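Asker: Build me a model from this:
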Amino acid sequence: MGSQLKRLTMYSKVKNLFVKGLSISQISRTTKLDRKTVRKYLHMNEQDFQDHLSSMASRHHKLEDYEEFIRHRIEQCPDCSAAQVEDWLKEQYPAMDPISSRTVYAFVQKVRQTHHLPKPGKTWRQYHPVEQLPYGKQAQVDFGETWMQTIEGKRVKVYFMVTILSRSRQKAVQFSLQPVTTCFAIAAHEQAFKAFQGIPETVVYDQDSVLVKQENHGAILYTDAFKQYLLHRKFTPHVCRKADPESKGKIEAGVKYVKYNFLRSRRFSSLEVLQQEAVDWLQRTANAKEHATTRLVPYAEWLIEQPYLKPCLPLPSSAPVVAGHPYHVRRDNTVSYRGCLYSLPLGTYQGPNTTVQLEVDDRQLLLSDASGSLLARHELSYRKGVTQVNNHHRRDISQSVMQLQEALIGKFSDQAQARLFINSIYQRYPRYSRDQYQHLLHTCSSESQSLRDRTLSYCVSHHLFSCSEFRDVLLNYSKAEEQTRDNAIRAFRPVMPQGDLEQVLQLKPETSSISSYQAYFGGPQ
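Answerer: Numbering: from 1, shown residues only. Reported below is the predicted structural model:
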């Protein structure tokens with residue numbers, strides 16, 4: 001009955017819009033009906049439309065022959081979905097004509113209504129209000145992530161950690177461009193405690209893998225770095241049960257608040273700018289406006305709570321170092337990060353267990369060794385499948401420039417002249433002197449001492465101070481020497497007279513009788 005009333009209403013609306021002068025296309029856009037349906041309604045009078053409704057009411061439904069089967073399965077499984085019913089039909093009646101999922105859904109709803117088979121209601125979890133915690137007692141921590149648009153129109157994924165004091169609702173948030181790690185979590189803790197000017201007694205966490213390795217009926221095994229951190233920061237960690245976010249609703253709401261009030265529609269320019277914008281947002285909005293639950297201003301409550309927090313003293317030198325996240329080095333001296341490859345200097349890879357420390361600073365990706373020495377710096381790519389290569393990393397830097405200079409000077413007899421040539425190359429190509437020296441060593445390795453000396457003398461006298469010019473002169477000298485040698489061989493080659501040549505051609509080699517071989521091998525005589 002309801003569907004017939006809707007059709008009658010739509011029929012009247014189509015007729016009225018047409019009387020007002022709207023075209024079929026305009027009526028279609030206004031009513032969201034197909035153009036064919038609009039045209040069909042316009043060609044009907046009221047009696048035709050009533051006959052049409054009557055025919056629809058009495059028409060045979062495609063699934064009426066399967067109604068008993070569907071009713072029986074719904075009685076067996078009251079909370080089954082229409083998608084399950086569709087699969088059961090295909091399984092039980094493989095020869096059934098193809099039918100759309102929407103048709104199955106409509107018929108399942110009809111069967112439920114006709115035979116009074118409603119879906120069981122959802123079992124709601126029972127809650128009770130949580131008592132107000134004392135000042136300085138607890139903080140809650142959780143992580144979030146979201147996509148942002150850059151100023152250039154690209155997409156970048158931003159990760160963050162939110163910390164909230166349970167009593168005052170004072171908040172702190174720290175951002176990162178790389179997936180959350182234990183090192184980032186420790187650094188974010190320190191920044192939050194610095195912002196709160198103290199440390200609460202208890203901090204509540206979800207069972208996140210960056211902090212918790214394993215949980216066995218309440219026995220928590222923390223990650224190594226976080227366990228070390230807890231030894232120096234004397235607060236009590238409390239880990240919630242798995243899949244139970246409602247047990248820390250304050251921080252869950254805080255993550256949504258950061259994501260949808262602060263980050264949504266905000267343009268990303270750099271990590272430092274985003275962090276400063278977050279600090280300003282906390283001061284003017286998140287911590288300055290009256291909280292919807294407590295009806296108190298978080299900042300004013302924090303001023304009361306701050307003396308109850310434990311002092312946040314500097315970490316001792318034995319505390320875990322907050323550094324970059326270790327990443328494995330591939331055999332081709334690259335690191336894979338977020339779908340892109342970034343090059344490292346040749347020779348960084350020293351076996352399957354080679355790792356480097358990776359940090360993201362603004363839009364720069366920094367790669368360092370275990371001691372903290374910077375190995376490579378790359379522009380961070382927001383597109384996947386990109387290979388960032390620094391051509392300097394392809395060079396062999398196992399030898400110092402000074403060692404290369406001494407090795408080259410030893411290739412020549414006149415070492416004073418060689419030193420002048422080497423120093424002139426360095427003055428001409430200070431940034432590429434290593435490449436010049438390595439190319440010179442390769443060029444000199446296959447030539448004689450005399451050729452090297454002649455080439456050096458010519459280059460110095462004609463002020464040719466580059467490896468390519470040295471190579472060209474050396475090749476010319478080498479070709480000239482080879483040509484001279486070939487001419488000398490041709491000059492001393494003996495020429496045989498014509499008569500002697502004919503006599504030589506007429507000579508026949510001597511042959512032996514077969515009997516000699518038979519006697520030697522003991523055969524028949």
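Asker: could you pull out the strands for the stretch 151-300 of the chain?
Answerer: For the stretch 151-300 of the chain, applying DSSP state E, counting those that start in this stretch gives strands covering 155-165, 171-176, 202-205, 212-216, 219-222, 236-239, 267-268.
Asker: Longest helix in this structure, by number of residues?
Answerer: Secondary structure of the chain per DSSP state H: the longest helix is helix 467-491.
Asker: who's in contact with that helix?
Answerer: Surrounding helix 467-491, the residues in contact under the criterion CB atoms under 8 Å, 6 or more residues apart in numbering are 425, 435-437, 439-440, 443-444, 447, 451-452, 454-456, 458-459, 464. Where you see a C-beta, it was placed from the backbone N, CA and C, and this is true even at glycine.
Asker: buried sites along that helix?
Answerer: Judged by neighbour count using 16 or more other CB atoms under 10 Å, the buried positions of helix 467-491 are Cys467, Phe470, Arg471, Val473, Leu474, Tyr477, Ser478.
Asker: which among those residues gets closest to His116?
Answerer: Using CB to CB, Cys467 is the member of the buried residues of helix 467-491 that lies nearest His116, at 93.1 Å.
Asker: who's in contact with the closest residue to the closest one other than its chain neighbours?
Answerer: Spatial nearest neighbour of Cys467, chain neighbours left out: His439 (4.2 Å); criterion: CB to CB, 6 or more residues apart in numbering. Residues in contact with His439, defined by CB under 8 Å, 6+ apart, are Cys467, Ser468, Arg471.
Asker: before we move on, what SS does His439 have?
Answerer: Per DSSP: H, G, I helix; E, B strand; the rest coil, the secondary structure class of His439 is helix.
Asker: Trp281 against Phe262, yeah?
Answerer: Yes - here Trp281 lies in contact with Phe262, judged by CB atoms under 8 Å, at a distance of 5.0 Å.
Asker: Can you pull the poorly scored residue ranges out of the stretch 1-150 of the chain?
Answerer: Scanning the stretch 1-150 of the chain for pLDDT under 70 picks out 1-3, 56-60, 122-130.
Asker: ranges for the strands of it?
Answerer: 138-150.
Asker: What are the boundaries of the helices in it?
Answerer: 2-19, 24-31, 35-42, 46-57, 67-76, 82-92, 101-114 (DSSP state H, counting those that start in this stretch).
Asker: Show me what counts as buried in the fourth one.
Answerer: Spelled out, that is helix 46-57. Using 16+ other CB under 10 Å as the test for burial, helix 46-57 gives Phe49, Leu53.
Asker: And the buried residues of helix 467-491, which is closest to Val335?
Answerer: Cys467 (32.3 Å).
Asker: can you pull the pLDDT of that closest one?
Answerer: Reading off the confidence values, Cys467 has pLDDT 87.
Asker: do Ile164 as well
Answerer: 93.
Asker: just checking, it touches Gln138?
Answerer: No - in this structure Ile164 lies outside contact range of Gln138 using CB under 8 Å: 9.6 Å.
Asker: So these two - more neighbours on which side?
Answerer: Ile164 (29 against 20; other CB atoms under 10 Å).
Asker: can you pull the contacts of the more buried one?
Answerer: Applying CB under 8 Å, 6+ apart to Ile164 gives the contacts Ala139, Gln140, Gln170, Lys171, Ala172, Lys250, Ile251, Gly254.
Asker: which residues does it bridge with?
Answerer: Per DSSP bridges, the residues bridged to Ile164 are Gln140, Lys171.
Asker: Any idea how many residues pack against Asp34?
Answerer: 10.
Asker: what's near enough to touch it?
Answerer: With CB under 8 Å, 6+ apart, Asp34 has these contacts: Ser28.
Asker: quick one, phi/psi of it?
Answerer: phi -70, psi 150 (degrees, to the nearest 10).
Asker: just Lys154 next, same as before
Answerer: Torsion angles, degrees, to the nearest 10, at Lys154: phi -90, psi 170.
Asker: contacting residues for the residue positioned nearest the centre of the chain?
Answerer: The residue lying closest to the centre of the chain (CA atoms, centre = their mean) is Arg338, at 1.5 Å. By CB under 8 Å, 6+ apart, the contact set of Arg338 is Lys157, Gln178, Lys384.
Asker: give the contact list for Asp65.
Answerer: Here Asp65 is in contact with no residue (CB under 8 Å, 6+ apart).
Asker: Show me the shaky parts of the stretch 301-450 of the chain.
Answerer: Across the stretch 301-450 of the chain, the ranges flagged by pLDDT under 70 are 316-325, 361-363, 371-373, 392-400.
Asker: all helices in it, in order from the N-terminus.
Answerer: Secondary structure of the stretch 301-450 of the chain (DSSP H, counting those that start in this stretch): helices at 401-409, 415-428, 433-444, 449-461.
Asker: so which of those helices comes closest to Ile514?
Answerer: Using CB to CB, the nearest of those to Ile514 is helix 449-461, at 59.2 Å.
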